[in-house]
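J.: Sequence plus the predicted model coming up.
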Number of protein chains: 2
Amino acid sequence: MVDERRLDVLRAIVEDYVATHEPVGSRSLLDRHKLGVSPATIRNDMAVLEDEGYISQPHTSAGRIPTEKGYRMFVDRLATVKPLSAAERRAIETFLAGAVDVDDVVQRSVRVLAQLTNQIAIVQYPSLSLATVRHIEIVPLENSRMLVVVITSSGRVEQRIIELEETPDDELVSQLRTRLTGATVGQRLGEASVRLAEAIDGFAPRYRPIVTSIVSSLSHTLTSERATERIAVGGTANLARFGHDFDQAIQPVLEALEEQVVLLKLLGEAVSTARAPGPQVRIGTETGTESLATMALVSTTYGSNEGGSALGTLGPTRMDYPGTIASVAAVARYVGRLLNED
Amino acid sequence: MVDERRLDVLRAIVEDYVATHEPVGSRSLLDRHKLGVSPATIRNDMAVLEDEGYISQPHTSAGRIPTEKGYRMFVDRLATVKPLSAAERRAIETFLAGAVDVDDVVQRSVRVLAQLTNQIAIVQYPSLSLATVRHIEIVPLENSRMLVVVITSSGRVEQRIIELEETPDDELVSQLRTRLTGATVGQRLGEASVRLAEAIDGFAPRYRPIVTSIVSSLSHTLTSERATERIAVGGTANLARFGHDFDQAIQPVLEALEEQVVLLKLLGEAVSTARAPGPQVRIGTETGTESLATMALVSTTYGSNEGGSALGTLGPTRMDYPGTIASVAAVARYVGRLLNED
DNA sequence: GACTGGCAGTTGCCCCGGTGGAGTGCCAGC
DNA sequence: GCTGGCACTCCACCGGGGCAACTGCCAGTC
């Protein structure tokens, strides 16, 4: 498969099919693209493309539609970058600029990404696995209960309420605050958890039991999966816009979207398998998720490489890949910039 | 409309239609309900019910389906309470019992409610409007930036990062922490905002500018709508299960679900207009939301009355009202209990 | 050898009319 | 006031025919 024109034909088929959502025949293909050859020639090329598995026809007398392999080829070798318009760039920038904190940044990016691409947007919250501890706060509440709060370098705040056997006195609370913060500040969360355990020894023996239970709760907070991985989803209404042939596919997709685990796996793969810079595309079964067999995922990491967080969009396999890739890349750039500042 | 049997007929129609999703005729109605009269009699009753606007027929030779008014009558006067099974109660209880904090309670209730009712579940986070300040924390970050954190009595933590002109010294930070907390602890958020403004006078004149900007940011955090009103949604995949006649209704509903404003309005009305205790039902256009014209909302407040938070489910007008009402009530009861403890 | 024009062949889509069934409304009778 | 019966209406379903789109192939041309 080296023939130049045949690749042009495949590109034209993908583009037309994405635009019209209808199988494209040799005739209508020539109407829209000036390929300089006759329909018969196109038909021959199509026959070859079909033999090689890049396109297929729903039934004998219909036009061709790209296969997964066809889209893959298109994305890898045929798609030309489609830069965003100045208006779109400005829209992203101004919309994100209004964000007041990390949560807000994430929520706004979901919105803007969904609107830009007319697809489902998925944004992972900045990963905590590489974040460091900035401050640990201990607040006594009524009834021998305490609130422990961990503030991380990424601006996230994790809190938890603990029930204690006895009420700690002010002296202990103040000691806890300074010593625990002192022992962990600047450490990564996983390591901080270890340092906390060591810090227990620094307290007077009579305090040990109470300190131990506080530290154990803190460690939990630091290492719990819930604290490390959260995801925001938006633009689900676009699902209904994908077309009526999607009607039966819509429920599995909605179900997948409610399963944070599935989404985390998808975005997580984006992080770990990223070879080249820039967005990564997984088409249909390449997602490894049965319920997304009719969908494609465009995702990328954002922020500093070590950050390890990702965002992306989910749409039908017949999506506008160049446009989507450009949008995802642009949003990731802005979000990364915003969050690095913080 | 006082005729007893006619009401029985209406009840039977609603029940059958909910069960089968198909217009119900006089014949099939008698197959399922022993009304002790002939089809002809039923037909007469149906004619009257239709005249009075409780039911309608899609076309001349079809059965009847309830109208909005018919459902309303059913809910108000015909539905009999359907207590949850012991298994269901236990499911709610055990599932919610595992929650570790407020966020977790809300997320778990959304899940359990969606699963119980096979509908879309909506849960408002505990309202902050009546919550009180428990603690204010000030954490200096690098580059003359500070993190201000407000911890409320409902267990929620609101934080915000402020950029300052100059870096406050340790002395000031410590003063801020104690004085601001002292001025506001135990106050409702709105009032706390006022007290904060007054507290500025207590600081040395040279600190005034910096304190003023910190206080202003805090006030913002305390009174911002974002802090007061958040909502969790779940079970959207059930939308696709509602039936194929819902296909065109699905997009507006998904859009409405993404608009927190719409949801807040709906649940907010549930709070303000609650006359009788227990769940409240709004059917079709009664929701006041065009995009939900084919849906019905079952909602109730939870927690102490003054709490003012609400939860509920959204489903097709042809839903199992007794079952849904029971589920909503039960979940609200458990959630209220859990959150009051905290 | 590559491309073209033309032609026959296939197949789904759409429209049509007929049929069957479900359900109604009405009326006369009990 | 209820019932049985009957005529009527209207939709849902089915099968067939015409239509249109597209293909594959073949013979001819550059």
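T.: Yep, that arrived.

J.: Which parts of chain A are strands?
T.: Using DSSP state E, the strands found in chain A span residues A:55-56, A:65-66, A:120-124, A:133-140, A:145-152, A:157-163, A:231-234, A:280-283, A:295-302, A:309-316.

J.: Out of the ones you listed, which is closest to A:S216?
T.: Nearest to A:S216, of all those, is strand A:157-163, at 9.0 Å by C-beta to C-beta. Using the backbone N, CA and C atoms, a C-beta is placed for each residue, glycine as well.

J.: Packing partners of the closest one?
T.: strand A:145-152, helix A:208-223, strand B:157-163 (3 or more C-beta pairs under 8 Å, 6 or more residues apart in numbering or on different chains; DSSP states H and E).

J.: now the angle from it to strand A:133-140?
T.: Angle of strand A:157-163 versus strand A:133-140, following axes from the mean of the first three to the mean of the last three C-alpha atoms, to 10 degrees, is 30 degrees.

J.: partner residues bridging A:I162?
T.: Counting by DSSP bridges, A:I162 forms beta bridges with A:M146.

J.: got the contact list for A:R111?
T.: The neighbourhood of A:R111, defined by C-beta atoms under 8 Å, 6 or more residues apart in numbering or on different chains, consists of A:95, A:121, A:234-235.

J.: on that earlier part again, for the strands of chain A, which one sits closest to B:E286?
T.: Using C-beta to C-beta, the nearest of the strands of chain A to B:E286 is strand A:231-234, at 28.3 Å.

J.: contacting residues around A:G312?
T.: A:121-122, A:266-267, A:270, A:279, A:297-300, A:328.

J.: Output the below-cut-off pLDDT ranges for the stretch 201-342 of chain A.
T.: Residues of the stretch 201-342 of chain A meeting the criterion pLDDT under 70: A:225-228, A:244, A:274-275, A:305-308, A:340-342.

J.: still on that earlier bit, would you tell me which one of the helices and strands packed on strand A:157-163 is buried the most?
T.: strand A:145-152 (a mean of 21; mean count of other C-beta atoms under 10 Å in any protein chain shown).

J.: Run through the residues of chain A sitting next to DNA strand D.
T.: Listed as neighbours of DNA strand D in chain A under the rule C-beta under 7 Å from any atom of the strand: A:23-28, A:39-40, A:43, A:46-47, A:50, A:57, A:60-64.

J.: switch the cut-off to 6 Å
T.: Neighbours of DNA strand D within chain A, by C-beta under 6 Å from any atom of the strand: A:25-28, A:40, A:43, A:46-47, A:61-64.

J.: What's the ChimeraX syntax to select whichever of those residues are buried?
T.: In ChimeraX, this line selects whichever of the residues of chain A next to DNA strand D come out buried by 16 or more other C-beta atoms under 10 Å in any protein chain shown:
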select /A:25,26,43,46,63,64
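
J.: Which single residue of the stretch 51-200 of chain A approaches DNA strand D most closely?
T.: Among residues of the stretch 51-200 of chain A, the one nearest DNA strand D by C-beta to the nearest atom of the strand turns out to be A:S61. It sits 3.4 Å away.

J.: Would you mind giving both backbone torsions of that residue?
T.: phi -100, psi 20 (degrees, to the nearest 10).

J.: Equivalent analysis for A:P279, please.
T.: phi -60, psi 160.

J.: Going by neighbour count, list what's buried in stretch A:332-342.
T.: Buried-residue list, stretch A:332-342, by 16+ other C-beta under 10 Å: A:332, A:334-336, A:338-339.

J.: Of the residues you listed, which belong to helices?
T.: A:332, A:334-336, A:338-339 (DSSP state H).

J.: Just give me the closest of these to B:L116.
T.: For those, the nearest to B:L116 is A:V335 (37.0 Å; C-beta to C-beta).

J.: mind listing what that closest one touches?
T.: Taking C-beta under 8 Å, 6+ apart, we find A:V335 in contact with A:96, A:105-106, A:109, A:123, A:302-303, A:311.

J.: Now do it against A:P277, distance only.
T.: 16 Å (C-beta to C-beta, to the nearest Å).

J.: How about A:L172?
T.: In terms of C-beta to C-beta, A:L172 sits 50 Å off from A:P277.

J.: Mind checking which of those two has more residues around it?
T.: Per other C-beta atoms under 10 Å in any protein chain shown, whichever of A:L172 and A:P277 has more neighbours is A:L172, with 19 against 10.

J.: Identify the residue nearest the more buried one in space, chain neighbours excluded?
T.: Closest residue to A:L172 apart from its sequence neighbours, by C-beta to C-beta, 6 or more residues apart in numbering or on different chains: A:Y207 at 5.7 Å.

J.: Tally up the residues packed near the one you found, please.
T.: A:Y207: 18 surrounding residues under other C-beta under 10 Å.

J.: follow-up on the earlier one: switch the helices and strands packed on strand A:157-163 over to CSV; also include distance to DNA strand C.
T.: Formatted as CSV, the helices and strands packed on strand A:157-163 follow (distance: least, C-beta to the nearest atom of the strand, whole Å):
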stretch, distance to DNA strand C
strand A:145-152, 55
helix A:208-223, 55
strand B:157-163, 56
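
J.: Of all these, which one is nearest B:V185?
T.: strand A:145-152 (13.2 Å).

J.: who in the stretch 1-150 of chain A is up against chain B?
T.: The stretch 1-150 of chain A comes close to chain B at residues A:100-101, A:104, A:134-135, A:137, A:139, A:141, A:147, A:149, as judged by C-beta under 8 Å from any C-beta of the partner chain.

J.: Find the closest residue to DNA strand C in the stretch 101-250 of chain A.
T.: For the stretch 101-250 of chain A, C-beta to the nearest atom of the strand, closest residue to DNA strand C: A:D245, 10.4 Å.

J.: closest to chain B among the contacts of A:G312?
T.: A:A121 (10.9 Å; C-beta to the nearest C-beta).

J.: Spit out the contact partners of A:V157.
T.: A:149-151, B:149, B:157, B:159.

J.: Within range of DNA strand C, give me the residues from chain A.
T.: A:37-38, A:40-41, A:59-61.

J.: Could you work out the most separated pair of these?
T.: For the residues of chain A next to DNA strand C, the farthest-apart pair by C-beta to C-beta is A:V37 and A:H59; their separation is 25.5 Å.

J.: Between the two, which has more neighbouring residues?
T.: A:V37 (14 against 6).

J.: how many other residues sit next to the closest residue to that one other than its chain neighbours?
T.: Using C-beta to C-beta, 6+ apart and skipping the chain neighbours, the partner closest in space to A:V37 is A:R5 (7.3 Å). If you count neighbours by other C-beta under 10 Å, A:R5 ends up with 13.

J.: And A:R5, how far from DNA strand D?
T.: The spacing between A:R5 and DNA strand D, counted by C-beta to the nearest atom of the strand, to the nearest Å, is 16 Å.

J.: what's near enough to touch that residue?
T.: A:R5 touches A:35, A:37, A:45, counting by C-beta under 8 Å, 6+ apart.

J.: quick check, nearest of those to DNA strand D?
T.: Distances from DNA strand D to the contacts of A:R5, taken by C-beta to the nearest atom of the strand, are shortest for A:D45, at 9.4 Å.

J.: what about the closest one, neighbour count?
T.: A:D45 has 21 neighbouring residues, counting by other C-beta under 10 Å.

J.: Give me the local confidence score for it.
T.: In this model, A:D45 is scored at 93, pLDDT.

J.: Surely it and A:E4 touch.
T.: No - assessed by C-beta atoms under 8 Å, A:D45 is found out of contact with A:E4, at 10.9 Å.

J.: rewinding a little: could you measure from the residue of the stretch 101-250 of chain A closest to DNA strand C over to DNA strand D?
T.: Counting by C-beta to the nearest atom of the strand - A:D245 and DNA strand D are separated by 17 Å.
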